[in-house]
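1. heads up, no residue letters with this:
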């Protein structure tokens, strides 16, 4: 049996060896247009990172699909994405989403592209961490169901929508969403924008039409889904809408992560070569992919949350390539070359804070009591602490009788599973 190996190599295995290696999961099955093919797991991992392999789900089992043949497996891809959507939610919310999804599949019928776009919007919403943004259980349920319905003809399916939510709240949310989504933006000429309120007024109008906070989040998610699906550079009006309306609008509402998502996605589409160069340099510096870094920090956060015996909010972040590039532009000027930017990421302290953890204690002064414990947890067994400038500031403030409420430092985490990773740590109280 033929097996695809890394570096464009192939190997032939006997049936016995093939069955053994399939069993120990060193070989994976990939579904193509015509048949099934077999790849070494290491090669599969590389292809997933390059976007050449997609995930699907059939009969309750996960599957790998060759991206160029995805049109033959769109049902399995949608099933996988829906499984990701409901994963981690409680039984009550899962039941409501499953019920809505059954109806949604009937509405979209053969138009699986719209169904997938709706699922992508819902997954982006889920990534917003709705519970951390202050939405209660009902609001979160309502807006996730609305995301699944955001691509349908609202009036043609009003009866179905009201059946899912007899209170009409779902229909009202979708109505406001359509108003805000369909509001056209006509960017004023750049030479007339200085000192003008035109851009701010357009932003305020969009937020006003959306009305409810959860609907604003749905508008943001829908726009992100649209630009992430773009295959080439954005038209000028859409690029300006992202950078002049959506990113600042999210920032104005205190949704910095969402604002960064808009800027980063826009940067990726406008300057793909530069984006990839900086992204690759960042991954080389931290010793893992940016996606793996999110999971890496998530596990550290979970460990801290279960270990602390006092009330504290723990958040993590992985800097985006756009954010790193913007920081380098601020330091070296907007004409910094790709080669210079990559070299700076690899060698300078400017890009040292790619990984970050913030721990905010509820009670004033608690951070100093628990600071050694938090640092020890993050650095693991063999790690070490590189002091930030704020420890000196704290000492000076204490001498002068002033209150200093935050600590900054770089923690070098070393464990058995990962190479050394530098984490920008902030500990503070509210």
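-> Happy to help now that I have it. This structure is a prediction, so every number in the text was calculated from the model and none was measured. Residues are numbered from 1 along each chain as shown.

2. all contacts plus neighbour counts: C-alpha atoms, from now on.
-> Noted.

3. burial count for the residue lying closest to residue 408 once chain neighbours are set aside?
-> Nearest residue to residue 408, sequence neighbours excluded (C-alpha to C-alpha, 6 or more residues apart in numbering): residue 426, at 4.7 Å. Per other C-alpha atoms under 10 Å, the neighbour tally for residue 426 reads 18.

4. over to residue 346?
-> Neighbour tally, residue 346, other C-alpha under 10 Å: 19.

5. quick one: buried residues of the helix or strand hosting it?
-> Using DSSP states H and E, residue 346 sits in helix 338-347. Within helix 338-347, the residues scored as buried using 16 or more other C-alpha atoms under 10 Å are 341-342, 344-346.

6. swap in stretch 323-341?
-> Result for stretch 323-341 [16+ other C-alpha under 10 Å]: buried residues 323-325, 328, 341.

7. equivalent analysis for stretch 242-259, please.
-> Here stretch 242-259 shows 242-250, 255, 258-259 as buried, counting by 16+ other C-alpha under 10 Å.

8. let's have those in JSON lines, adding secondary structure, pLDDT and distance to residue 20.
-> Putting the buried residues of stretch 242-259 into JSON lines (DSSP: H, G, I helix; E, B strand; the rest coil; pLDDT from 0 to 100; distance: C-alpha to C-alpha, whole Å) gives the following:
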{"residue": "242", "secondary structure": "helix", "pLDDT": "88", "distance to residue 20": "51"}
{"residue": "243", "secondary structure": "helix", "pLDDT": "86", "distance to residue 20": "53"}
{"residue": "244", "secondary structure": "helix", "pLDDT": "84", "distance to residue 20": "56"}
{"residue": "245", "secondary structure": "helix", "pLDDT": "86", "distance to residue 20": "56"}
{"residue": "246", "secondary structure": "helix", "pLDDT": "89", "distance to residue 20": "52"}
{"residue": "247", "secondary structure": "helix", "pLDDT": "90", "distance to residue 20": "51"}
{"residue": "248", "secondary structure": "helix", "pLDDT": "87", "distance to residue 20": "55"}
{"residue": "249", "secondary structure": "helix", "pLDDT": "86", "distance to residue 20": "55"}
{"residue": "250", "secondary structure": "helix", "pLDDT": "88", "distance to residue 20": "52"}
{"residue": "255", "secondary structure": "coil", "pLDDT": "86", "distance to residue 20": "50"}
{"residue": "258", "secondary structure": "helix", "pLDDT": "89", "distance to residue 20": "46"}
{"residue": "259", "secondary structure": "helix", "pLDDT": "91", "distance to residue 20": "48"}
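
9. which one of these is nearest to residue 315?
-> residue 255 (13.8 Å; C-alpha to C-alpha).

10. how near is that closest one to residue 361?
-> Using C-alpha to C-alpha, to the nearest Å, residue 255 is found at 21 Å from residue 361.

11. do the same with residue 144
-> For residue 144, the distance to residue 361 - C-alpha to C-alpha - is 31 Å.

12. now for the helix or strand containing residue 281, which elements pack on it?
-> If you go by DSSP H and E, residue 281 is part of helix 272-286. Where contact means 3 or more C-alpha pairs under 8 Å, 6 or more residues apart in numbering; DSSP states H and E, helix 272-286 is packed against helix 256-270, helix 290-307, helix 321-332, helix 338-347.

13. circling back: who has more neighbours, residue 144 and residue 361?
-> Shown here are residue 144 and residue 361; by other C-alpha under 10 Å, residue 144 has more neighbours (26 against 20).

14. sounds good, over and out.
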